[in-house]
Structure formats: structure tokens, C-alpha cells
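> Structural data only, the sequence is not supplied:
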């Protein structure tokens with residue numbers, strides 16, 4: 001595994017499909033400034049069509065695809081080719097989000113393809129059992145989120161966060177664990193880190209804030 005060059009704690013800004021085009025680029029630039037200011041490793045995701053522009057306009061965020069497939073160059077119409085992402089400078093990929101789930105077999109194959117290309121893998125998991133199963137596939141990071149809480153604004157229970165973090169670390173202590181469900185304030189960030197998480201992040205708590213920069217700085221500043 002090669003997460004040694006990623007500094008803990010890590011943060012992920014994941015606009016999903018809420019933002020695109022100029023709005024996404026605006027948030028990316030804000031995130032980039034704060035990643036530099038606080039010297040924090042920040043993953044930033046976006047729509048595939050927007051990632052090249054984000055790469056061109058930022059210097060400090062780890063530009064991350066929201067999905068890719070495990071195919072190799074050749075046949076595969078309509079799929080996301082890992083090699084094409086890598087060629088454009090995409091450094092990481094989120095896999096198995098609840099809104100785009102993969103079978104365990106697909107996840108395994110896709111993680112291995114990413115490894116072949118030197119890309120960072122961030123896999124999502126729901127229950128403790130799922131976290132254990134995903135950990136066996138050795139992604140670089142796992143985001144633990146109860147599916148029913150995604151986008152709800154409610155954070156996961158402390159007992160869930162502690163149990164899932166422990167379960168993953170017992171299988172592979174090198175995997176970075178992100179607890180992100182409902183995290184939307186600086187205090188939320190402090191809490192998940194105190195409970196043993198290696199990082200966190202957000203979507204709705206950031207993009208629904210009246211001022212993106214103020215909200216992001218509130219959260220990112222609590223990582224140091």
C-alpha cells in the first residue's frame with residue numbers, strides 16, 4: 001500500500017452531482033486555497049467531464065473521480081476507463097458509494113486496476129460487516145457511512161464510528177478510515193477524530209452552507 005505520502009488527518013470534499021461546471025470549479029478553488037493554508041491533504045471529487053479543468057486550476061487538492069470501471073483499453077463502450085483518468089492527472093477514485101454500489105467482485109477488480117495505475121482508492125461501506133469485507137480488499141481508504149444517513153444531515157452514532165474504525169484497523173491498520181455521515185460542523189470534525197478516525201469530509205453540509213469558504217474553513221481548520 002502507498003498511503004505513506006498522504007498526511008493524516010485527511011479531508012474529502014464530495015459535491016456528487018449537486019455541482020458542475022463553473023460552480024464546481026469555484027468550490028474547487030476555495031478548497032485548494034484552504035488545503036494550502038492549513039497544509040492538509042484534501043481529496044476533491046467532481047463530475048468526470050469537469051475533472052480536467054479542476055486539475056488545470058488547482059495545485060493542492062487531490063483530484064478524485066467519483067467512479068471508474070475495471071476495464072482495460074479496448075472494448076467497453078460507455079464505461080469509465082481508468083487509464084483515461086490517469087492520463088489526465090486524476091490521482092484517486094471513490095468506489096462503491098451507496099448511490100453507485102458495486103458487487104464485491106467488481107470492487108475487488110477495480111481496486112486492483114487502480115493499484116496497477118498507482119491511483120489512490122477510497123471505498124465506501126455501510127455496516128460493520130461490509131466494512132470488514134471491504135477492508136479485506138485493501139483499498140487505501142474506507143469511508144464508513146450508514147446508507148440511511150447519507151444526505152440527511154444527521155451524524156452516525158458514536159458507537160457505529162468506533163466499531164467500524166476498530167473493525168477495519170484490526171484487519172489492516174494501514175487503511176485510512178474516514179467517518180463522514182452527516183459531518184457538517186467543526187465540532188463534528190473534532191468528534192470523529194477524537195474517536196479514532198483518520199479523516200472525514202462532507203457534501204450537503206458544505207454546499208448548502210450560505211458561504212462555502214466559511215463553512216469549509218470551519219471544518220478543515222479543526223483537522224489541525
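All right, it came through fine. None of the values given here were measured: they were computed from a predicted structure.
> Can you point out the buried residues in stretch 49-66?
50-51, 54-55, 58, 60-66 (16 or more other Cβ atoms under 10 Å). Any C-beta I mention is one placed from the backbone N, CA and C, and that applies to glycine too.
> Adding pLDDT and distance to residue 193, write these out as TSV.
Output for the buried residues of stretch 49-66, formatted as TSV (pLDDT from 0 to 100; distance: Cβ to Cβ, whole Å):
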residue	pLDDT	distance to residue 193
50	98	30
51	98	28
54	98	26
55	98	29
58	98	25
60	98	21
61	98	20
62	98	19
63	98	24
64	98	21
65	98	26
66	98	25
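> between those, which is closest to residue 10?
Within the buried residues of stretch 49-66, proximity to residue 10 (Cβ to Cβ) peaks at residue 62, which comes in at 8.6 Å.
> out of the buried residues of stretch 49-66, what pair is the most spread apart?
60 and 66 (19.8 Å).
> ok but residue 93 is inside a strand, no?
Yes: under DSSP: H, G, I helix; E, B strand; the rest coil, residue 93 falls within a strand.
> how close does it get to residue 193?
24 Å (Cβ to Cβ, to the nearest Å).
> Neighbour count for the two, which is higher?
Using other Cβ atoms under 10 Å as the criterion, residue 93 and residue 193 rank with residue 93 on top: 27 against 17.
> Now do the contacts for the closest residue to the more buried one other than its chain neighbours.
Taking Cβ to Cβ, 6 or more residues apart in numbering as the measure, residue 93 lies nearest to residue 65, with 4.5 Å between them; neighbours along the chain are not counted. Residues in contact with residue 65, defined by Cβ atoms under 8 Å, 6 or more residues apart in numbering, are 45, 48, 51, 80, 85, 90, 92-94.
> For residue 65, give the beta-bridge partners.
Per DSSP bridges, the residues bridged to residue 65 are residue 46, residue 93.
> distance of it from residue 94?
For residue 65, the distance to residue 94 - Cβ to Cβ - is 7 Å.
> what touches both of these two?
With contacts defined as Cβ under 8 Å, 6+ apart, the residues shared by residue 65 and residue 94 are residue 45.
> distance of residue 54 from residue 30?
Distance of residue 54 to residue 30, computed by Cβ to Cβ: 12 Å.
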